[in-house]
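A.B. asks: Generate a structure from the sequence data that follows.
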Amino acid sequence: MDKISLLGLVLGLMAIVLGQVLEGGAVSSLFQPTAFLIVFGGTLGAVMLQSSPRTFILGVRMVRWVFSPPRLRPIDLIRQMVQWSHVARKEGLLALEAQIPNVSDPFVRRGLQLLVDGAEPDGLREVLEVEIGTYEAQMRLAARVWESAGGYAPTIGILGAVMGLIHVMENLSDPARLGSGIAVAFVATIYGVGSANLIFLPIAKKLMAIIHQLGLVREMYVDGLVGIANGDNPRMIESRLQGYFS
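C.D. replies: So this is what the prediction gives:
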């Protein structure tokens, strides 16, 4: 559990609610179903319109990384690479074939298979880096679902405000109905700007940072496998990989 993400979300929302209370306003006035429907329904529709089904679904699933990010263990990775390097130096690259069934990551398994098959170091690096580039591009595209939501939400909030004001203008002769229209107008703006800057954009930035770390781990695997293919000293491989997360 990423506690700082949860704390940040709670702190941001509570600051708004507490500010409303300190100003003498009622907390209930911040809850307007109509404004909620306009802002979040409109934002959802806009994001779905711009995204492919696969990208949208992947982006929604990735939100869990904000509070429970993938566990990265660079120390275990380095230890594994050093172990494989020792095996390759003592018994040859073909001895690493026995390690392939024990690898759960398809990317690492594919790289290890190429290494066992005798791929040249430059060719091995080229193949794996193309896969890394494709992977990161797909992940970033999915993360931009939240970035796009952060861009659409304020504008749709303004749209909700305008709709509320239209409702007010249509009922100027009935003062009893003016309050609800004004409330929808201003609360829709709060929903749009608040959700963008407190939820959507921070989620997008957090996901981008996690994607960068995942890409870095894959680069470490490539560097380690290429080092093994070149016959580098295990200590040299270990020192080089430690530099990634120094």
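A.B. asks: Does Q99 touch G111 like I think?
C.D. replies: No. The pair Q99 / G111 is not scored as a contact, 11.6 Å apart, by Cβ atoms under 8 Å. For glycine as for every other residue, the C-beta is placed from the backbone atoms N, C-alpha and C.
A.B. asks: more crowded one of the two?
C.D. replies: More neighbours surround G111 than the other of Q99 and G111, with 25 against 16 (other Cβ atoms under 10 Å).
A.B. asks: Run through the residues that contact that one.
C.D. replies: By Cβ atoms under 8 Å, 6 or more residues apart in numbering, G111 lies in contact with 124, 128, 221-222, 225.
A.B. asks: Who wins on neighbours among the residues you listed?
C.D. replies: L225 (25 neighbours).
A.B. asks: excluding its backbone neighbours, what's nearest it?
C.D. replies: G111 (4.9 Å; Cβ to Cβ, 6 or more residues apart in numbering).
A.B. asks: In which helix or strand does that neighbour reside?
C.D. replies: helix 106-116 (DSSP states H and E).
A.B. asks: could I get that helix in CSV with only the CA atoms?
C.D. replies: This file holds the C-alpha atoms of helix 106-116, laid out as CSV (Å, rounded to 0.1, in the frame of the first residue of the first chain):
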residue,chain,number,x,y,z
PRO,A,106,7.6,-13.1,-20.2
PHE,A,107,10.0,-10.3,-21.1
VAL,A,108,12.8,-11.7,-19.1
ARG,A,109,12.0,-15.2,-20.2
ARG,A,110,12.2,-14.2,-23.9
GLY,A,111,15.5,-12.4,-23.3
LEU,A,112,17.0,-15.4,-21.5
GLN,A,113,15.8,-17.7,-24.4
LEU,A,114,17.5,-15.5,-26.9
LEU,A,115,20.6,-15.5,-24.8
VAL,A,116,20.6,-19.3,-24.7
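A.B. asks: Just after it, pick out the following helix or strand.
C.D. replies: Per DSSP H and E, helix 106-116 leads on to helix 121-170 as the next helix or strand towards the C-terminus.
A.B. asks: for the record, mean pLDDT for that next one?
C.D. replies: What helix 121-170 shows for mean pLDDT is 90.
A.B. asks: got it, and stretch 1-18?
C.D. replies: pLDDT averaged over stretch 1-18 gives 85.
A.B. asks: Please look at K206 and I4 and confirm they touch.
C.D. replies: No. Using Cβ under 8 Å, K206 is not in contact with I4; the gap is 9.9 Å.
A.B. asks: tell me the SS of G24?
C.D. replies: Three-state call for G24 (DSSP: H, G, I helix; E, B strand; the rest coil): coil.
A.B. asks: Next, it: phi, psi?
C.D. replies: Note on G24: its backbone torsions stand at phi 90, psi 10 [degrees, to the nearest 10].
A.B. asks: how deep is it tucked in, by neighbour count?
C.D. replies: Number of residues near G24 (other Cβ under 10 Å) recorded here: 6.
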